[in-house]
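>>> what shape does this take:
(2 chains)
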There are 2 protein chains.
Amino acid sequence: MAEQGESNGKTVVMITTPLEQEFVERIAAVAPDRVELINRPDLMPPTTYLNDHTGPAGWSRTPERETEWRSLLRCAEVLWDFAAAKDAGPFELSPSLKWVQTSSAGVGQYVHRLGVADSDLIVTTSSGVHAEALTEFVFAVLLYHEKRFGELHSMQRERTWRRFCGGELTGKTIAIIGPGRIGREIARIAKAFGLRVHVMPRTFDPARAAELGADEVFSRDQLQELLASADFVVLSTPHTPDTVGLIGAAEIAAMKPGVVLVNIARGVVIDEDALIEALQNSKIAFAGLDVFRTEPLPQDSPLWSLPNVLINPHSASTAPSENARITDIFCRNLRHYLDGRYEEMSPLLDKQRMY
Amino acid sequence: MAEQGESNGKTVVMITTPLEQEFVERIAAVAPDRVELINRPDLMPPTTYLNDHTGPAGWSRTPERETEWRSLLRCAEVLWDFAAAKDAGPFELSPSLKWVQTSSAGVGQYVHRLGVADSDLIVTTSSGVHAEALTEFVFAVLLYHEKRFGELHSMQRERTWRRFCGGELTGKTIAIIGPGRIGREIARIAKAFGLRVHVMPRTFDPARAAELGADEVFSRDQLQELLASADFVVLSTPHTPDTVGLIGAAEIAAMKPGVVLVNIARGVVIDEDALIEALQNSKIAFAGLDVFRTEPLPQDSPLWSLPNVLINPHSASTAPSENARITDIFCRNLRHYLDGRYEEMSPLLDKQRMY
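Residues are numbered from 1 along each chain as shown, chains lettered A, B, ... in the order given. Have a look, this model is predicted:
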């Protein structure tokens, strides 16, 4: 068993969440003479879907396996995904820990909860990897609603042929709250579909419109004006203290009647009770929700049974290409790390800004 | 009542399908001193949806109203949409007929059935008007399938939270059979989504790839090779003798297992029995169908109850902006027509080529 200091001067890199063998081999091939790679799928949770990084709820190792797992973690300097336990944070489990590459993008809050926000730990994320998958989900929701697929299914069940005039994207306006890597990808596809793009970045600068792919940039103070301008509202902010409760009852009231809302940010960005009320009274015509105040969504949530809601179990970002792309990022960063070029590692989490 | 020759030298233009008053007024304003515009919504079928140009099945005028309708048609030189009856073709109803502007794009076969293909009649169509609406429908189908919205609905009904890995568009290949105005718009959005675009135009010329927005151009002889290359197949050909039965059992056999098919062309372009079989045995994973061999789709068609089919009652091209855009085309053509600039009228139907 490898212990710290017993690795012949090699950097100990440990994979802590399930990763396909082909990607493990690509990582192992980066610098076999300088890296000792630990990958023990037998000590990890079973995967229930492709690119599952968390395993089934409630899964745990046997005490013997947990002991073995922790002894491996003790010598790790680099981790693919955080390893933490109820009774021990990352540094307690891995005292020499210097760098964690996460398979998730939105880890700012998690890093704070782990108590490592003020440390020197390097955290690189998979920010950007999920941009296409999330953008595809956003347009899947908008097109599902505009093309009235719900109504088409009802007609089909009843074998009813009734011609109709559906809606269209072209010519409408989309508001993107949080034009980061994901928001900019949404803006790009929105422009292709002939939508007008209004955005609210964290830092207001009207000169950034072109860079953000937007027709118009709104400041935080103009949030209600932005919401009033849009047929479609997409929440794609990071989860920070500034964005918790960003969309409350007043903001929903400012929206156009019949607006379509897509939340791919975090559940707490919107007041879920106000959202439910707006869906019940059809102020919001339709919502595609990938995230919720509490996840898994509680059995008694009214959201489950609302006909104008599409619930995605926080899986909109999961796509077949995900692990391949995170492996690309990790391999690139590993080369920089081994050569001491820490400033070139990316995407780097700003642990204070939280994204 | 206006009769031919009683119109003070004005060109008699008659609207024959329901059109909103605002658009009628725009047409009337083009050349009020040179045009006599006839619009009698009271003699037209009731509309059952926005931009309904056909009215309910089986609707007919009372004999008195039919007589009045025909007396109006008799003096028309220009029509917004064909007027024909079981017992009388366009020239019998309107002996001075010179030009028809259609609210549909695919009228080649209809013009042949009306027996006016060999006449000097100018037929301008609304080709291109429906490109965005149809393209949005195509991507609505592809995204619905890849993002597993059917499965999400089932999970939601059961209040089941089960994370999963959906599919994605990016990196896949789309085959577009018939890259006309609609096909090129599909190609444009496909490229934005990171799809590889393979096309088969009527006339093969590999040098046309860029113009068609394609990565690769296939000839008619390479149809099976094209089909074998694609994750998604979109039929967007015109309905001509060449395209009837274009996709038969052999062509379906050449497709990738698990392919997604979208037909926005005409039902007869694909062998519907072979299609049904391929859907039943999941060779074709999913089909979004806007057109059928027989329309309305017969009550006993197996297509109605196949879980991997989405049926659209030939309404994918209908969009709120439709009549406004056809009015733009008609007004522009009307100016050219009145000034004798017939060669500038567009989009012109090639009555022999049939599109």
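>>> following the helix or strand of chain A with the lowest mean pLDDT, which helix or strand comes up?
With mean pLDDT, DSSP states H and E as the measure, the helix or strand of chain A carrying the lowest mean pLDDT is helix A:209-212 (a mean of 88). Counting by DSSP states H and E, the next helix or strand C-terminal to helix A:209-212 is strand A:216-217.
>>> which strands and helices sit next to that following strand?
Contact analysis of strand A:216-217 by 3 or more C-beta pairs under 8 Å, 6 or more residues apart in numbering or on different chains; DSSP states H and E lists strand A:196-200 as its packing neighbours. Just so you know, the C-beta spots here come from the backbone N, C-alpha and C atoms, and that holds for glycine as well.
>>> can the strand it packs on be found next to chain B?
No. Strand A:196-200 is not in contact with chain B by C-beta under 8 Å from any C-beta of the partner chain; minimum separation 13.6 Å.
>>> avg pLDDT for that strand?
Averaged over strand A:196-200, pLDDT sits at 97.
>>> note down every partner strand of it and its orientation.
In its sheet, strand A:196-200 lies beside strand A:173-177 (parallel), strand A:216-217 (parallel), with partners assigned from DSSP bridges.
>>> ranking those by burial, who's on top?
strand A:173-177 (a mean of 26; mean count of other C-beta atoms under 10 Å in any protein chain shown).
>>> ok, the residue of the stretch 251-355 of chain A found nearest chain B - how many residues close by?
Distances from the stretch 251-355 of chain A to chain B, computed as C-beta to the nearest C-beta, single out A:P296 as the nearest residue at 3.6 Å. Other residues near A:P296 number 15, with proximity taken as other C-beta atoms under 10 Å in any protein chain shown.
>>> regarding it, what is its secondary structure?
Judged by DSSP: H, G, I helix; E, B strand; the rest coil, the three-state class of A:P296 is coil.
>>> identify the residue nearest it in space, chain neighbours excluded?
Nearest in space to A:P296, with sequence neighbours left out and distances taken as C-beta to C-beta, 6 or more residues apart in numbering or on different chains, is B:W161 at 3.6 Å.
>>> likewise A:W80?
The shortest distance from A:W80 to any residue other than its chain neighbours is 4.4 Å, reached at A:I15 (C-beta to C-beta, 6+ apart).
>>> repeat that for A:E225.
The shortest distance from A:E225 to any non-neighbouring residue, by C-beta to C-beta, 6+ apart, is to A:F218 (6.5 Å).
>>> ok, now how distant is A:I174 from A:A316?
Distance of A:I174 to A:A316, given as C-beta to C-beta, to the nearest Å: 17 Å.
>>> how much space separates the residue of the stretch 251-355 of chain A closest to chain B from A:P313?
Distance from A:P296 to A:P313, counting by C-beta to C-beta: 7 Å.
>>> overlap in contacts, those two.
For the pair A:P296 and A:P313, residues contacting each of them under the criterion C-beta atoms under 8 Å, 6 or more residues apart in numbering or on different chains are B:W161.
>>> contacts only, for A:I252.
Taking C-beta under 8 Å, 6+ apart as the definition of contact, the neighbours of A:I252 are A:271, A:274-275, A:278, A:283-284.
>>> SS state for it?
Secondary structure assignment for A:I252 (three-state DSSP): helix.
>>> which parts of the stretch 101-250 of chain A sit against chain B?
Counting by C-beta under 8 Å from any C-beta, the positions of the stretch 101-250 of chain A adjacent to chain B are A:132-133, A:136-137, A:139-140, A:143-144, A:146-147, A:149, A:152-153, A:155-156, A:159, A:161-171, A:188-189, A:192-194.
>>> buried subset of those residues?
Under a neighbour-count criterion of 16 or more other C-beta atoms under 10 Å in any protein chain shown, the subset of those counted as buried comprises A:132-133, A:136-137, A:139-140, A:143-144, A:146-147, A:149, A:152, A:155-156, A:159, A:161, A:163-170, A:189, A:192-193.
>>> please enumerate the helices of the stretch 51-200 of chain A.
When secondary structure is read from DSSP state H, counting those that start in this stretch, the stretch 51-200 of chain A shows helices at A:63-73, A:90-93, A:108-113, A:131-146, A:149-157, A:181-192.
>>> so which of those helices gets nearest B:F330?
Ranking the helices of the stretch 51-200 of chain A by distance to B:F330, with C-beta to C-beta as the measure, places helix A:131-146 first at 26.1 Å.
>>> in terms of contact count, name the helices or strands touching the closest one.
helix A:181-192, strand A:259-263, strand A:284-289, helix B:131-146.
>>> got the ones you listed as TSV, with distance to A:G213 and mean pLDDT columns?
Supplementary listing: these in TSV, determined by distance: least, C-beta to C-beta, whole Å; pLDDT from 0 to 100:
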stretch	distance to A:G213	mean pLDDT
helix A:181-192	4	96
strand A:259-263	17	98
strand A:284-289	21	98
helix B:131-146	19	98
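>>> follow-up on the earlier one: in CSV: the helices of the stretch 51-200 of chain A, plus distance to A:E211.
Formatted as CSV, the helices of the stretch 51-200 of chain A follow (distance: least, C-beta to C-beta, whole Å):
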stretch, distance to A:E211
helix A:63-73, 41
helix A:90-93, 35
helix A:108-113, 23
helix A:131-146, 16
helix A:149-157, 35
helix A:181-192, 8
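>>> deepest-packed of those, please.
The stretch of the helices of the stretch 51-200 of chain A with the highest mean neighbour count (mean count of other C-beta under 10 Å) is helix A:131-146, at a mean of 26.
>>> that one vs strand A:284-289, what angle?
Here helix A:131-146 points in a direction 150 degrees away from that of strand A:284-289 (axes from the mean of the first three to the mean of the last three C-alpha atoms, to 10 degrees).
>>> tell me how far helix A:131-146 lies from the chain's centre.
Taking the mean of its C-alpha atoms, helix A:131-146 sits 15 Å from the chain's own mean (C-alpha atoms, centre = their mean, to the nearest Å).
>>> would you mind writing the CA trace of that helix as PDB?
Listed next in PDB are the C-alpha coordinates belonging to helix A:131-146 (Å, rounded to 0.1, in the frame of the first residue of the first chain):
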ATOM      1  CA  ALA A 131     -22.200  24.400 -21.600                       C
ATOM      2  CA  GLU A 132     -23.400  22.600 -24.700                       C
ATOM      3  CA  ALA A 133     -25.500  20.000 -22.800                       C
ATOM      4  CA  LEU A 134     -27.100  22.700 -20.700                       C
ATOM      5  CA  THR A 135     -27.700  24.900 -23.700                       C
ATOM      6  CA  GLU A 136     -29.300  22.000 -25.600                       C
ATOM      7  CA  PHE A 137     -31.600  21.500 -22.600                       C
ATOM      8  CA  VAL A 138     -32.600  25.100 -22.500                       C
ATOM      9  CA  PHE A 139     -33.600  25.000 -26.200                       C
ATOM     10  CA  ALA A 140     -35.300  21.600 -25.700                       C
ATOM     11  CA  VAL A 141     -37.500  23.300 -23.200                       C
ATOM     12  CA  LEU A 142     -38.300  26.400 -25.200                       C
ATOM     13  CA  LEU A 143     -39.000  24.400 -28.400                       C
ATOM     14  CA  TYR A 144     -41.100  21.800 -26.500                       C
ATOM     15  CA  HIS A 145     -43.300  24.600 -25.300                       C
ATOM     16  CA  GLU A 146     -43.400  26.800 -28.400                       C
END
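>>> no further queries at this time; thank you.
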